[in-house]
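Trainee: Could you work out the structure for the sequence below:
(one chain, ligands or ions: 1)
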Amino acid sequence: DEKIKKDQSDAKSSNNTTTRAQFRWLIGQCRHELLYMSFAIIAIIVASGINLSIPFFVGKLIDSIQTLVKGKSELYLLVGTLGILVLFMSVFNGLRHYFIVITAERIVVRLRGELFRKVIEQDIAFFDVHKTGELMNRLSSDADVLRMTVTVNVETGIRCILDSIGCIVILVALSWKLLLIMLLVVPVVAVGAVIYLRFVGGLSRDVQDELATASEIAQETISNIRSVRSLAKENKQVRFYEDNINQAYNRAKHLTLAAASFTGGMMLAAGICILLVVAYGGTMVLNGELSTGQLTSFVLYSGFIAMSLSTGSGVYFEFLKALGATERVYSIITRIPTIPISHENKIVNPNDIVNHVISEDDSDEDEIDSTMRGELSFHDVSFSYPTRGEKKVLTDFNLDLIPGKVVALVGESGGGKSTCIQLLQRFYDPDSGYITLDGVDIKELDPTFLRKNIGVVSQEPFLFGTSVRENIKYAKDTVGDDQVFEAARQANAHQFIQQFPNGYDTLVGERGTQLSGGQKQRVAIAQAILKKPKILLLDEATSALDSESEHLVQMALERLMKGRTVLVIAHRLSTVKNADLVCVISKGRIVERGTHNELVKQNGMYKQLVEKQLLSEDSQSK
Ligand code: ADP
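Mentor: So this is what the prediction gives:
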């Protein structure tokens, strides 16, 4: 319950995180790019200045053509000046664009890197809640929206404001009377804009959210394509995806209708404005209050403002879009994992209690400490998964794992066996009770140290889509080929790897799909052999391997288990027969413990398991 409360308060505090804090964080992203930003700002100011001066000179030019008082020389001078201005205008607008976009790219590179680090440093409970597709979206589209926001949109926004202010100042100077006439339409436009923005704000965010959901569905379907195919649910997944896309489309349709009406309305307003200006300005010219050139400049500046305002309103929508993205990215960037991946000033070696920081470098040989005994114990551990707080998975669980001894866990599925393995690696912390390594609570240890001393061979080992060699070396990338071959030999993998056309350079395919179950397991065993952990956690495959493969895996495992602290989730009779202690788990408690022979005699749950063939005979014991 405490956990649920914590989650709720987490959610609340993230809701309460003010938009201002998010905004500050977002702008803070620019701090590393001050040099490029300064270049960009200089370019913006110069470019805006030049842009603003052009209509003025055009007006002058027209006046000089009309009056022709000062002759052709003034005309040529003005044309020359305009030519130089146009040249500078293009150069500075180009520079402005270059510096802004480069700044944007640099920011997004840093942001993605930081975001990815934050994501993979989160505790495992975080991944129970957040789907892969959702997190991929954070990294790709959200990061991209933010990139645009902090640079291009901010720049466009600033430029529009600068231009509009500049134009208004010039318009006042040209003719304040004419400006007042022009401003008559402003209240009408303002009311229209407010109504429009209200309508559109929520809608555009909904569209974003629906698109995000759709891409999560796509991601999930593609990564689980084998399950989808074998259940023949392709159509269902496609429909599911299309439903979301269509919903987004329907909203986008409303959004577009609104945007189209607004654009049309704005154009109408601009047209009326120009008409008013020309009509009133025309009379002023006739009355001699204004020159033709000045009127021309005035019309051009009015057009300039209209353009700035319409670009500015576009930027506003980009900001609305960015609000959602900022919130999502910010909540990850600022989330502090409940179990950090490593922490400073924590005990590194339980037998050598000193404050010490583990080096970042995996290559450090002495992290696997030979003075450690590798004794693990559960002390009255109770645990429920954070996502399902109400259901107790382990209750007052006690178990000792002793170096050199093999403990086998058996029991019906859902009893809590895999949970034990996860708690030992500190993927989660117990709700009550504690787990010790050589007598020290594992919460006191640096989690990285703990995990470096534990080897895990799971039912379905996960491999990366690289070569066999790279996969074996993943456990310890400083080793040379000789050590890789030796580990593969001990894991009974050398022979089959050599038979591949490319030997150790053979690519295993995404997630190792090109290897058989038994082959994958032997690669995982080779990894564990290289890692030389004090403690070994095994999850035996439930799926039957062919007997040849099974025998090879079994022999490799026996070699690997020698002299280590071993906990094995057993599915095979031969494993339990060889174990020093067998524990039967049911509903999160150990209900029977003893050796195979003792337990069979007890006539209890263990006997039933053997009889129901939940522990399968294997090639060795046949
Ligand atoms: P076993 O390994 O004995 O089959 P597990 O330890 O996998 O059992 O599961 C014990 C219980 O915990 C089951 O009810 C299972 O549904 C639940 N469980 C396992 N993993 C999670 C998880 N990540 N989030 C929520 N519940 C889980």
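Trainee: hey, let's count contacts and neighbours off CA atoms from now on
Mentor: Fine.
Trainee: Excluding its own residues, what touches whichever strand or helix holds residue 455? List them.
Mentor: Here residue 455 sits within strand 454-457, counting by DSSP states H and E. For strand 454-457, the external contacting residues (Cα atoms under 8 Å, 6 or more residues apart in numbering) are 425, 521, 524-525, 528, 531-539.
Trainee: give me that answer again for 10 Å
Mentor: Strand 454-457 is touched from outside by 368, 374, 421, 424-425, 475, 521-541, 557, 564-568, with contacts defined as Cα atoms under 10 Å, 6 or more residues apart in numbering.
Trainee: average pLDDT for stretch 127-144?
Mentor: Taken as a whole, stretch 127-144 carries a mean pLDDT of 85.
Trainee: Please disregard the earlier target; I meant stretch 396-414.
Mentor: The model assigns stretch 396-414 a mean pLDDT of 91.
Trainee: Just the C-alpha atoms of it, please, in CSV.
Mentor: In CSV, the C-alpha atoms belonging to stretch 396-414 read as follows (Å, rounded to 0.1, in the frame of the first residue of the first chain):
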residue,chain,number,x,y,z
ASP,A,396,7.8,-14.1,4.7
PHE,A,397,10.3,-15.8,2.5
ASN,A,398,13.4,-17.3,4.0
LEU,A,399,16.2,-19.1,2.1
ASP,A,400,19.9,-19.5,2.4
LEU,A,401,22.2,-20.0,-0.6
ILE,A,402,25.6,-21.3,0.3
PRO,A,403,28.8,-21.2,-1.8
GLY,A,404,29.5,-24.5,-3.6
LYS,A,405,25.9,-25.7,-3.1
VAL,A,406,23.1,-25.9,-5.5
VAL,A,407,19.6,-25.0,-4.5
ALA,A,408,16.7,-25.9,-6.8
LEU,A,409,13.4,-24.1,-6.8
VAL,A,410,10.4,-26.0,-8.0
GLY,A,411,6.7,-25.4,-8.0
GLU,A,412,3.7,-24.6,-10.1
SER,A,413,4.1,-21.6,-12.4
GLY,A,414,3.2,-18.3,-10.8
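Trainee: does it come close to the ligand?
Mentor: Yes: on the criterion Cα under 6 Å from any ligand atom, stretch 396-414 is in touch with the ligand at 413-414.
Trainee: Tell me the buried residues in that stretch?
Mentor: 397-399, 401-411 (16 or more other Cα atoms under 10 Å).
Trainee: Show me where this protein has its strands.
Mentor: 346-349, 352-356, 376-383, 394-401, 406-410, 432-437, 440-441, 454-457, 535-539, 565-569, 581-586, 589-594 (DSSP state E).
Trainee: Pull up the pairing partners for the strand holding residue 455, direction included.
Mentor: Here strand 454-457 has these sheet partners by DSSP bridges: strand 535-539 (parallel).
Trainee: Put the alpha carbons of the strand it pairs with into CSV.
Mentor: Once non-C-alpha atoms are left out, strand 535-539 reads as follows in CSV (Å, rounded to 0.1, in the frame of the first residue of the first chain):
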residue,chain,number,x,y,z
ILE,A,535,26.8,-16.5,-7.8
LEU,A,536,24.9,-18.2,-10.5
LEU,A,537,21.1,-17.9,-11.2
LEU,A,538,19.7,-20.3,-13.6
ASP,A,539,16.3,-20.7,-15.2
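Trainee: Show me the shaky parts of the stretch 301-450 of the chain.
Mentor: Residues of the stretch 301-450 of the chain that meet the criterion pLDDT under 70 lie in 344-370.
Trainee: in it, which spans are helices?
Mentor: With helices called from DSSP state H, counting those that start in this stretch, the stretch 301-450 of the chain shows them at 417-424, 447-452.
Trainee: which one of those lies closest to the ligand?
Mentor: helix 417-424 (3.7 Å; Cα to the nearest ligand atom).
Trainee: Check which helices and strands the closest one sits against.
Mentor: Other elements packing on helix 417-424 under the criterion 3 or more Cα pairs under 10 Å, 6 or more residues apart in numbering; DSSP states H and E are strand 376-383, strand 394-401, strand 406-410, strand 432-437, strand 535-539, strand 565-569, strand 581-586.
Trainee: Help me confirm that residue 263 comes into contact with residue 307.
Mentor: No: proximity of residue 263 to residue 307 does not meet the contact threshold set by Cα atoms under 10 Å, at 11.7 Å.
Trainee: Output the helices of the stretch 301-450 of the chain as CSV; include the columns mean neighbour count and distance to the ligand.
Mentor: Output for the helices of the stretch 301-450 of the chain, formatted as CSV (neighbours: other Cα atoms under 10 Å; distance: least, Cα to the nearest ligand atom, whole Å):
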stretch, mean neighbour count, distance to the ligand
helix 417-424, 20, 4
helix 447-452, 20, 19
